[in-house]
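> give me a model of this one.
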Amino acid sequence: MATTQSLKNQIAKKQNSNIQQGVTLKQLLNSESMKKRFEEVLGKRAQQFATSILNLYNSEKMLQKCEPMSIISSAMVAASLDLPVDKNLGYMYIVPYGTTATPIMGYRGYIQLALRTGQYKHINVIEVYEGELQKWDRLTEEFEMDSKQKKSDVVVGYAAYFELINGFRKTVYWTREQIEAHRKKYSKSDFGWKNDFDAMAKKTVLKSLLSKWGILSIEMQNAFNEDEKEVDTKEVKDITSEVQEAEYIEAEAFEVPIETETPQQEEIVFDAQ
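Below you'll find the predicted structure:
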């Protein structure tokens, strides 16, 4: 499988171009150059993936304010990792930072990539509620919890655990205070945290566990490198330039709806192979 960087390098070939105004995401996805890009990565699943990008775009008003090509660039990261961008699945998110979209891994995405290695016997990450935690020693990693002792629905921390098929096992526990401190120090946006704090907290703990102690495939290393990395705006311009020159002359003049109470399911049609 080609690396994320090599895929980006294939797309970003031309320099010093300005983003063409008025070009919609649907026009980009319908361009022959972009269809070919996704087909090279996803094969027969390219059409379904492109449609899911458009449906995500139509359902997120904040994402509709982003440069269309930054959404494509983010989606290409997800495609290279073979992870869906449906936010309900929680594998990979396309998150708006102002007018630029950025790919953000979900904790389920990390679990999926770990399972693909075939080296993990057990892997999980959970919320720990008030009263459940009985013991935690950071040095010895002695972790004890009792769900019967739960006092309320207040989450006091998050625990991640894995066991490899060779018997090696690790546990990590972060308090909610530690999570909050990490968020304030490293998060570039509150978008994900505001929409699903628990999911972001689980991702933070699981990522810490896997990056320090897990078996990392090339795929997972690419995911770590891409996660929460700033989108290169120059690269976004370059990609747009290539697609513009190749396809925009023949593009149809249609618009993606901006204000939609009930998003319409749209489909990108790829030619039958």
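> now stretch 143-162: average pLDDT?
Stretch 143-162 shows an average pLDDT of 96 in the prediction.
> and what of stretch 166-182?
96.
> same question, stretch 100-112
92.
> what's the span of it, first residue to last?
Across its full length, stretch 100-112 reaches 27 Å between end residues, using C-alpha to C-alpha, to the nearest Å.
> quick one: buried residues of that stretch?
Applying a neighbour-count criterion of 16 or more other C-beta atoms under 10 Å, the buried positions in stretch 100-112 are 100-112. All C-beta spots, glycine's among them, are computed from the backbone N, C-alpha and C.
> from the chain's centroid, how far away is that stretch?
Offset of stretch 100-112 from its chain centre (C-alpha atoms, centre = their mean, to the nearest Å): 3 Å.
> start at 368 instead
Sounds good: first residue 368 from here, last item stretch 467-479.
> what residues does that stretch touch?
For stretch 467-479, the external contacting residues (C-beta atoms under 8 Å, 6 or more residues apart in numbering) are 430, 433-434, 437-438, 440-442, 444-445, 448, 450, 456-463, 490-492, 559, 566, 569-570, 573-574, 577, 587, 590, 593-598, 600, 603.
> same question, stretch 445-457
Identification of contacts with stretch 445-457 by C-beta under 8 Å, 6+ apart yields 368-371, 374, 405, 408-409, 416, 419-420, 423, 427, 442, 458-461, 470, 473-476, 479-480, 566, 586, 589-590, 593.
> which residues in the stretch 418-567 of the chain form strands?
Taking DSSP state E, counting those that start in this stretch as the test, the strands found in the stretch 418-567 of the chain are 459-464, 467-472, 487-496, 500-504, 509-512, 522-531, 536-542.
> pairing partners for the second one, with directions?
Okay, so that is strand 467-472. Taking DSSP bridges as the criterion, strand 467-472 sits next to strand 459-464 (antiparallel) in its sheet.
> which other residues reach the partner strand?
Taking contacts as C-beta under 8 Å, 6+ apart, the residues outside strand 459-464 that touch it are 420, 423, 427, 429-430, 432-433, 438, 441-442, 444-445, 448, 450-452, 454, 468-473, 476, 555-556, 558-559, 598.
> which of these are buried, as a PyMOL select command?
Remark: buried members of those, expressed as a PyMOL selection using 16+ other C-beta under 10 Å:
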select buried, resi 420+423+427+430+433+438+441+442+444+445+448+450+451+452+454+468+469+470+471+472+473+476+558+559+598
